[in-house]
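*Asks:* model the following, please.
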Amino acid sequence: MKNVIAKFKKETGETLEIKNRKLYYGDSLDLRGTQITSLPDNLTVGGYLYLEGTQITSLPDNLTVGGSLYLEGTQITSLPDNLTVGGSLDLRGTQITSLPDNLTVGGYLDLEGTQITSLPDNLTVGGSLYLEGTQITSLPDNLTVGGSLYLEGTQITSLPDNLTVGGYLDLEGTQITSLPDNLTVGGYLDLRGTQITSLPDNLTVGGYLDLRGTQITSLPDNLTVGGSLDLEGTQITSLPDNLTVGGSLDLRGTQITSLPDNLTVGGSLYLEGTQITSLPDNLTVGGSLDLEGTQITSLPDNLTVGGSLDLRGTQITNTSNINKEIPQVFQWRNFEYIKIDGIFSRVVSHHENVYKIRQIGECKERFVVTDGSGKWSHGDTIKEAKDDLIYKISNRDKSKYKSLTLDSELTFEESIECYRVITGACSAGTKMFVKEILNIKKDKYTIREIINITDGQYGSHEFKNFFENN
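*Replies:* Numbering: from 1, shown residues only. Now for the predicted structure:
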């Protein structure tokens, strides 16, 4: 083993250690520009491993990479069995044609444009899985994707049972005609341009469900949508009992004529141009209620509206019975739900000012804490939530941003700090935005770009006003 270490040192200038009888390099390892032609067996790299442009033609057995593995531009044509990559694995621009069994990738797996034609059984991807432009025609059973799954432009015609996607599921333009039972999507579900005509029972979508332009004509019982539900222009004629919508509900241009009793919409409710003539008792709308041009003539008892009320073109004159106090915690279908910083979650348990919650569409339990005076914060642990709450209620010094203009540039990290300081957004909400919404990360952003990117997100109006009124 000493000879192997000496050879590696001569070829790369880097020194390997021996741990548990295996070769180990504790940091990230960048071999670009070196003369190395092979890696030793049983190698563990603690950080990233960069092999782009090297003369290495194969990877050793039992290779473990703690960070991401970069192979673009190499002559490597296959991956070894039992490969473990803690970060991301980007295979674009490689000559690899198959994936090994029991491959584990902790971050994203990008196969876009590769010659890979199938996925192995027991594939686990902790981040997103990109399959656009591949020849893959099916997905393995029990596939788990912790991030988003992008299938646009693939030849895949069906989804496996019990599919779990932690982030965004993009089916736009695919040949998929039905969704499997017990499908769970943690983020946004995009069905535009598909031939899907129905949704499965017990569908759970943690983010936004956009049904515009689809052929779906009805919604299943017990549908849960953690984000917004957009039915605008669809052929859906009724809403199911026990509908749960954590974000906004858009019914404009539909043939829906009534709303179910005890409907609760965490965001805004858009009824403009519908045939709905009355609102149900005990309706709760967390955001704005748009009744413009409807035939509704009166408001029900116990109506709660957290945002603005648009009554243009209606005969409604009495608004005295509207409650403007939106509860943070909803009693709903014999369960408690909570919506903080735009994140809709089910309450698992709570004690005093600490709530254990599970975000809609996710299995992981997290925590929410409050100071009892309207300030709330998320965290993976109680300590993290409390630490973030302290940050939110402290005297945030916005003065250092007063001199910035719309064209001023901030680094990625500075942009996050600036947005949180000005809006009070918690770290969990910000992390969720970066993970699920921000498609492309750059080194720098102008204030103008940040305003455009965050439009409609928590605190976006406050952020925009801060700089436009400067």
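*Asks:* check which element follows the helix or strand of the chain with the lowest mean pLDDT along the chain.
*Replies:* One helix or strand of the chain scores below all others by mean pLDDT, DSSP states H and E: strand 329-332, with a mean of 60. Next along the chain after strand 329-332, taking DSSP states H and E as the criterion, comes strand 335-340.
*Asks:* residue 414: how many residues sit nearby?
*Replies:* Each residue near residue 414 was counted by other C-beta atoms under 10 Å, and the total is 13. (C-beta placed from N, C-alpha, C; glycine too.)
*Asks:* where does it land on pLDDT?
*Replies:* With respect to pLDDT, residue 414 has a value of 81.
*Asks:* shouldn't it be within a strand?
*Replies:* No - judged by DSSP: H, G, I helix; E, B strand; the rest coil, residue 414 forms no part of a strand; its state is helix.
*Asks:* number the residues from 569 up from this point.
*Replies:* Fine by me, first position is 569 from now on; the one you just mentioned is residue 982.
*Asks:* distance check, it against residue 913.
*Replies:* 29 Å (C-beta to C-beta, to the nearest Å).
*Asks:* kindly report the same for residue 976.
*Replies:* 35 Å.
*Asks:* over to residue 1037?
*Replies:* The spacing between residue 1037 and residue 913, counted by C-beta to C-beta, is 33 Å.
*Asks:* could you do residue 631 as well?
*Replies:* For residue 631, the distance to residue 913 - C-beta to C-beta - is 39 Å.
*Asks:* so for the two, which sits in the more crowded spot?
*Replies:* Using other C-beta under 10 Å, the more surrounded residue of residue 631 and residue 913 is residue 913, with 25 against 21.
*Asks:* what's the neighbour count on residue 1027?
*Replies:* 19.
*Asks:* so it is in contact with residue 998, correct?
*Replies:* No - using C-beta atoms under 8 Å, residue 1027 is not in contact with residue 998; the gap is 9.6 Å.
*Asks:* need the overlap of contacts for these two.
*Replies:* Listed as contacting both residue 1027 and residue 998 by C-beta atoms under 8 Å, 6 or more residues apart in numbering are residue 987.
*Asks:* the stretch 819-968 of the chain: strands as residue ranges?
*Replies:* All strands of the stretch 819-968 of the chain, identified by DSSP state E, counting those that start in this stretch, fall at 832-833, 837-838, 852-853, 857-858, 872-873, 877-878, 897-900, 903-908, 911-919, 922-927, 933-938, 944-947.
*Asks:* got any ranges where this protein has weak pLDDT?
*Replies:* Residues of the chain meeting the criterion pLDDT under 70: 892-903, 910, 929, 941-942, 958-964, 995-996, 999-1000, 1003-1008.
*Asks:* ranges for the helices of it?
*Replies:* Residue ranges of the helices in the chain, as given by DSSP state H, are 570-580, 950-961, 980-991, 995-1004, 1015-1021, 1028-1036.
*Asks:* so which of the ones you listed gets nearest residue 709?
*Replies:* Evaluated over these, closeness to residue 709 peaks at helix 995-1004, with 25.7 Å, by C-beta to C-beta.
*Asks:* okay, the helices of the chain in JSON lines with distance to residue 717 next?
*Replies:* Listed next are those as JSON lines, based on distance: least, C-beta to C-beta, whole Å:
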{"stretch": "helix 570-580", "distance to residue 717": "37"}
{"stretch": "helix 950-961", "distance to residue 717": "28"}
{"stretch": "helix 980-991", "distance to residue 717": "25"}
{"stretch": "helix 995-1004", "distance to residue 717": "13"}
{"stretch": "helix 1015-1021", "distance to residue 717": "23"}
{"stretch": "helix 1028-1036", "distance to residue 717": "27"}
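*Asks:* which of those sits closest to residue 762?
*Replies:* From those, taking C-beta to C-beta, the stretch that ends up closest is helix 995-1004, at 20.9 Å.
*Asks:* residue 620 contacts residue 636, doesn't it?
*Replies:* No - at 11.7 Å, residue 620 and residue 636 do not qualify as touching, with contact defined as C-beta under 8 Å.
*Asks:* dump the strands of the stretch 819-968 of the chain to CSV, plus distance to residue 1015.
*Replies:* Formatted as CSV, the strands of the stretch 819-968 of the chain follow (distance: least, C-beta to C-beta, whole Å):
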stretch, distance to residue 1015
strand 832-833, 32
strand 837-838, 30
strand 852-853, 32
strand 857-858, 30
strand 872-873, 32
strand 877-878, 31
strand 897-900, 35
strand 903-908, 26
strand 911-919, 25
strand 922-927, 30
strand 933-938, 30
strand 944-947, 25
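*Asks:* closest one to residue 702 among the ones you listed?
*Replies:* strand 922-927 (30.3 Å).
*Asks:* identify each buried residue in that closest one, please.
*Replies:* 923, 925, 927 (16 or more other C-beta atoms under 10 Å).
*Asks:* and what of stretch 592-605?
*Replies:* Of all the residues in stretch 592-605, those buried under the rule 16+ other C-beta under 10 Å are 593, 596, 597, 598, 599, 602, 604.
*Asks:* so the last one touches residue 577, yeah?
*Replies:* No - taking contacts as C-beta under 8 Å, residue 604 lies outside contact range of residue 577: 10.8 Å.
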